[in-house]
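>>> model the following, please.
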Amino acid sequence: MELSALVDKARAGDVGAFTVLVGRFQHLAFGYAVALVRDFAVAEDVAQEAFVAAWTSLRSLETPAAFPGWLRGIVGHCAHRVLRRKLLAAVPLDDAAAVASGALDPAASAERHERAAAVLAAVDALPAPLREVTLLHYVHERSHEQIATFLGLPATTINNRLHAARAQLKRRMLTMVKDTLHEHRLPEDFPTRVGRIVAADGPVVEARFDTAEAPEVHTALALEDGGGALHVIQRLPDGRVRGLAAAGLPTGVGTRVVGTNETLAHPLDDATLARAIRQLRRPLPVPPALLESGIKVIDLLAPLPAGGAIGVLGDLRVGVTVVVEELTIRLKDAPAGLTMFEFLPPGTPNAADWPAVRAEGYTGGNAGTVQTFYFLRERLEPGATTPALDAVDAVIALSPAMAAAKIYPCVDPLASRSRLLDPAVVGAEHAAVAARVRAALTAGVALETRAPETWSDDDRWLMAPVRRLRVFFGQPFYIAEPYTKRPGTTVSRLETVRACAAILDGVYDHVPEAAFRFAGGIDEVLARTTG
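Sure, this is the predicted structure:
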């Protein structure tokens, strides 16, 4: 498409057209920024800021054909603003210990940094006109014609300046310049990072990006002009994402944002999370109804609300996301649906780095009648309550203790809870058995604080069903079949209730504890003792 037509479409609010414009001019903008700030990382920030500024003020461009020179002016303005703010200040070497590691080891990183510094010093020694064309040409191998259009100069002038620059750079240095500048090119997804807010309701906003490259959950969206950042909490179709904003951030419709692809480091306050949950969840139907998952520990001790909302939380590496995905594939066809809020602590990688355990039809946000939102929050102590957790109907908590015991899913039966665990909703038998299970597990935890040699016969009699209950709550998942090599299992709520009652009554004391581990229903447990 011709430049003028693209600019006209972008001025009319077409994000896709502006993405194409960014793709055409990103390398020139980046190279020009490098020439001005002499730092690759800062130049990338300058280029991003410049494109956001261009998107914001595009309607002020009267002549579409003047876009290249107009953009160059914006890049220059952003670069000089960065330099005035002195954002290139050095930091103590000891501070590097707190920075997340990239792909390079320290020695390779130091060598890369030294090589880049040497190249920038050599290019910096060139006269300004030669420096500009060198960087514009070699960072992304822009043609003489493209550079001439961007700088507003004849192509012959560009050719002469490049020739002069090559002559001033020694042969070895010229090769190093080519290789190093190529190595520091912009990331391939740079053109798709610019979007705009299309809806805002309190802390919850919706932004639109290029369809194929919407930012991942657990990453930040930077607001234009350094106004702060949004937390990406859900990906939607058509390049849209939902985000959360701290109080006071400028999040009006039309505000421009940039997907940083950077993992979030700081969670929002709990009051903001609670307010967002109340906005995003569906009202719990009256009277409430159960949504059976077929997962024993959840259906017994934290029954799910049909059409309601739950929170799933835990530390890193305890399978929080696996539980969310398993519930998604089990419940996505349920008529009433379910809204899930996943809470993970700082340090959680963004979704692009999660294990590939995606089920068909699962998008990381919505599937069928199930929708999921991903929140970052500080670690919670087992059984803790907060305004955010008070805003959901059930809490499924996972713990490292369950993982250490190799009980999967790692659901903590004592820290998990549900408002629906009421005789009026689940029935008298279910409520009574759940209360007995919780009491037995609580007594077992207290007993385990004492040395086993101090236990009485009654204590040992108590611990027998407690240990069997704990391992019985483990269960193969459908989502994990490629890893466990075990088919997923579904156990009805009624079977779970009656099996747990029988375990507490000592009916299966003769069955080895190992037979209960990572099994489905009680029939599978018993079959292991006779097979």
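>>> okay, now the unreliable bits of the stretch 251-400 of the chain?
In the predicted model of the stretch 251-400 of the chain, residues 350-365, 382 satisfy pLDDT under 70.
>>> and with 50 instead?
Low-confidence segments of the stretch 251-400 of the chain (pLDDT under 50): 356-362.
>>> what are the ranges of the strands in it?
Per DSSP state E, counting those that start in this stretch, the stretch 251-400 of the chain carries strands over the ranges 256-263, 290-291, 304-305, 309-313, 338-344, 366-367, 370-376, 394-397.
>>> try the stretch 101-250 of the chain
Per DSSP E, counting those that start in this stretch, the stretch 101-250 of the chain carries strands over the ranges 194-201, 204-208, 219-223, 229-235, 240-244.
>>> nearest to Glu292 among the ones you listed would be which one?
Closest of those to Glu292 is strand 229-235, at 25.3 Å (criterion: CB to CB). The way it works is simple: take the backbone N, C-alpha and C, and place the C-beta from them, glycine included.
>>> now do that closest one, average pLDDT.
Strand 229-235 shows a mean pLDDT of 90 in the predicted model.
>>> quick check: Pro127 vs Lys170, distance?
According to CB to CB, to the nearest Å, Pro127 and Lys170 sit 17 Å apart.
>>> now Arg38
Distance, Arg38 to Lys170, by CB to CB: 20 Å.
>>> more neighbours, the two?
Arg38 (18 against 11; other CB atoms under 10 Å).
>>> run a quick neighbour tally on the residue lying closest to that one once chain neighbours are set aside.
Spatially, and ignoring its direct neighbours in sequence, Arg38 is nearest to Leu120 (5.3 Å; CB to CB, 6 or more residues apart in numbering). Neighbours of Leu120 under the rule other CB under 10 Å: 22.
>>> Leu120 reaches Ala41, doesn't it?
No. Counting by CB atoms under 8 Å, Leu120 does not reach Ala41; the two are 11.9 Å apart.
>>> buried residues, the helix or strand Ala41 falls within. List them.
Per DSSP states H and E: Ala41 is located in helix 40-57. The neighbour-count check on helix 40-57 (16 or more other CB atoms under 10 Å) flags 40, 42-56 as buried.
>>> distance between the helix ranked longest in the chain and the chain's centre?
Of all the elements of type helix in the chain, the one with the most residues (DSSP state H) is helix 15-37. Offset of helix 15-37 from its chain centre (CA atoms, centre = their mean, to the nearest Å): 26 Å.
>>> quick one: that helix to helix 40-57, angle?
Orientation of helix 15-37 against helix 40-57 (axes from the mean of the first three to the mean of the last three CA atoms, to 10 degrees) gives an angle of 140 degrees.
>>> and helix 15-37, what does it pack against?
Identification of packing neighbours for helix 15-37 by 3 or more CB pairs under 8 Å, 6 or more residues apart in numbering; DSSP states H and E yields helix 3-11, helix 40-57, helix 67-85, helix 128-138, helix 144-151, strand 194-201.
>>> run the last query once more with 10 Å
helix 3-11, helix 40-57, helix 67-85, helix 106-124, helix 128-138, helix 144-151, strand 194-201, strand 204-208 (3 or more CB pairs under 10 Å, 6 or more residues apart in numbering; DSSP states H and E).
>>> so can I have a markdown table of those showing mean pLDDT and distance to Pro285?
Formatted as a markdown table, the helices and strands packed on helix 15-37 follow (pLDDT from 0 to 100; distance: least, CB to CB, whole Å):
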| stretch | mean pLDDT | distance to Pro285 |
| --- | --- | --- |
| helix 3-11 | 89 | 45 |
| helix 40-57 | 80 | 43 |
| helix 67-85 | 86 | 52 |
| helix 106-124 | 67 | 56 |
| helix 128-138 | 82 | 61 |
| helix 144-151 | 88 | 59 |
| strand 194-201 | 85 | 23 |
| strand 204-208 | 91 | 22 |
